[in-house]
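Chemist: Quick one: sequence plus predicted model below, questions after.
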Amino acid sequence: MELGKIREAAQRVAVSLGLDVFDVEWKIGKERLLRVYIDRLPGPQNPDDLGVSHNDCQQVSEQLSVILDVEELVPGPAYTLEISSPGLDRKLIKPADYERFVGRLAKIWLADPVNKQAFLEGRLAGYADGMVKVTQRSKDQEKQIEIPYAGIKKANLVVEL
């Protein structure tokens with residue numbers, strides 16, 4: 001099975017509905033699970049950056065399941081197809097994510113420590129020239145740190161109440 005072909009099929013469906021594929025995961029445990037995360041991109045048609053609805057997930061699921069079966073993209077025994085939004089604590093995957101969510105709080109795990117930190121939490125301040133900018137506050141001080149995008153192992157938004 002090739003996730004790239006599944007991603008392409010999912011993207012065709014998503015684009016036809018004004019959505020985007022955020023991520024695709026294949027998990028094998030007690031059951032075989034194909035999880036596709038969809039997102040609604042910001043722009044003039046979505047000025048409030050509204051997320052994905054239940055109806056969006058249902059439409060993608062119905063259309064994608066037909067394509068997966070017809071094109072035989074998931075060989076072997078039965079599997080479960082799950083369509084989901086990235087969630088409030090979404091992963092930050094692409095450089096554009098660090099621009100889109102400027103001002104939001106994020107947790108970032110680093111491959112190589114920056115300022116002796118292998119993990120940090122701070123407000124996203126943008127992305128430019130391969131560097132992610134993060135603003136950290138401590139007591140009455142605020143400092144901006146630049147992190148090489150290539151050195152980020154994992155990053156997620158933090159849900160703020």
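Modeler: That came through fine. Numbering: from 1, shown residues only.

Chemist: How about the helix ranked longest in the chain, which residues are buried there?
Modeler: Looking across the chain with DSSP state H, the single longest helix is helix 54-70. Going by neighbour count (16 or more other CB atoms under 10 Å), the buried part of helix 54-70 is 56-57, 59-61, 63-64, 68. In short, each C-beta sits where N, CA and C put it, glycine included.

Chemist: for Val74, helix, strand, or coil?
Modeler: coil (DSSP: H, G, I helix; E, B strand; the rest coil).

Chemist: I'd like the buried residues of helix 54-70 written out as JSON lines, with distance to Lys133 added.
Modeler: What follows is these, written out as JSON lines (distance: CB to CB, whole Å):
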{"residue": "Asp56", "distance to Lys133": "32"}
{"residue": "Cys57", "distance to Lys133": "33"}
{"residue": "Gln59", "distance to Lys133": "37"}
{"residue": "Val60", "distance to Lys133": "33"}
{"residue": "Ser61", "distance to Lys133": "37"}
{"residue": "Gln63", "distance to Lys133": "39"}
{"residue": "Leu64", "distance to Lys133": "36"}
{"residue": "Leu68", "distance to Lys133": "40"}
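
Chemist: So which elements touch the longest helix of the chain?
Modeler: For helix 54-70, the packing partners by 3 or more CB pairs under 8 Å, 6 or more residues apart in numbering; DSSP states H and E come out as helix 3-16, strand 32-39, strand 80-84.

Chemist: Would you mind getting the angle between it and helix 3-16?
Modeler: 140 degrees (axes from the mean of the first three to the mean of the last three CA atoms, to 10 degrees).

Chemist: Can you give the domain ranges for this protein?
Modeler: 3-84, 95-157 (automatic domain parsing).

Chemist: any chance of those in TSV, with mean pLDDT too?
Modeler: Formatted as TSV, the domains of the chain follow (pLDDT from 0 to 100):
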stretch	mean pLDDT
domain 3-84	90
domain 95-157	93
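
Chemist: could you list every residue that touches Pro120?
Modeler: Heads up, residue 120 is Leu, not Pro. Neighbouring residues of Leu120 by CB atoms under 8 Å, 6 or more residues apart in numbering: 107-108, 110, 114, 134, 136, 145, 147.

Chemist: Thanks again, I'm all set now.
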